[in-house]
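# coords please:
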Amino acid sequence: MDLILRLDAKRCADGVGRVRRQFSWRSRRHEPVVREAADLGNPLVIHFLNANTNDKLIDFLSTFGLPGGFLLRTPEKRAAVRFLSLSDVPEEFRLGAPDGDLPFESSTFVWDAQEEMRLLLRDATSDNAVRMEKAATRALRLACRDADPSAVGRRVALTVPTLIAFMCFEVYMVIENGAHVAPCTRCKLLFLYGKGTERRSTGTYCSANCRVGAHRESKRRD
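Okay, here's the model as predicted:
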């Protein structure tokens, strides 16, 4: 059977802001984030790694949601508890109440998650058999840890509630396809190339915009 992965998460409809040392929902309004890891043409993990400034990271989190579920403070405001989905939140946390807490994540957790994905993708594309095997095992274990399996025809679908799990599966797909990662020659953002990515192995630009822009800049220099 083929294995596919689905992301079923939530994001704040009004985006995410940075308050002190955390990223927090701006309101209680939320909407679904649903994706399927069918190919590597537009992988979430590359968007995450390319969010290399606070503004870009806020844009990413506003578009796709917080990466590892979210934190909520207890009703007494003495501690924070992690939840993977809104359906897991007990009534006593008063998520929908005017005086209830808003979902948030610590900045350190988000930055650590970026570094984890960066190292995992580095090993996944290292062409070192031992490092690639270890990366594949870790990526698949993290992806399947909180997955909810179901059958879709002759395929097994794993539905995950967090971006981290979904991105780990994308890294696993990188290894399975033998894809590689490189920085764009023009803007230096990362992109995948090779099998399953919609980019040839000889590609040097992350997008058509960068390819055209580089061509125009070259003509001006000439």
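
# going forward, measure contacts and count neighbours with C-alpha atoms only.
Fine.

# Hmm, T74 is touching V81, no?
Yes: the pair T74 / V81 is scored as a contact, 6.9 Å apart, by C-alpha atoms under 8 Å.

# Same drill for these two, tell me which one is more crowded.
T74 (15 against 11; other C-alpha atoms under 10 Å).

# Tell me who's in contact with that one.
The neighbours of T74, taking C-alpha atoms under 8 Å, 6 or more residues apart in numbering as the test, are A80, V81, F93.

# mind putting these in TSV, distance to R28, pLDDT and secondary structure included?
What follows is those, written out as TSV (distance: C-alpha to C-alpha, whole Å; pLDDT from 0 to 100; DSSP: H, G, I helix; E, B strand; the rest coil):
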residue	distance to R28	pLDDT	secondary structure
A80	17	89	strand
V81	17	91	strand
F93	13	74	helix
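
# In the lengthiest helix in the chain, which of the residues would be classed as buried?
Scanning the chain for the helix with the most residues, using DSSP state H, yields helix 107-124. Residues of helix 107-124 classed as buried: S107, V110, A113, Q114, M117, R118, L120, L121, R122, D123, A124 (neighbour count, 16 or more other C-alpha atoms under 10 Å).

# if I look at the last one, how far off is R131?
Computed as C-alpha to C-alpha, to the nearest Å, the A124 to R131 distance reads 7 Å.

# With A214 instead?
A214 is 35 Å from R131, by C-alpha to C-alpha.

# residues making contact with the helix or strand containing R6?
Using DSSP states H and E, the element containing R6 is strand 2-12. For strand 2-12, the surrounding residues in contact (C-alpha under 8 Å, 6+ apart) are 25-38, 61-66, 85-86, 154-163, 166, 169.

# Recalculate using a threshold of 7 Å.
25, 27-38, 62, 64-65, 85, 155-162, 166 (C-alpha atoms under 7 Å, 6 or more residues apart in numbering).

# Is S150 located within a strand, as I assumed?
Yes: assigned with DSSP: H, G, I helix; E, B strand; the rest coil, S150 falls within a strand.

# I am finished for the moment; much appreciated.
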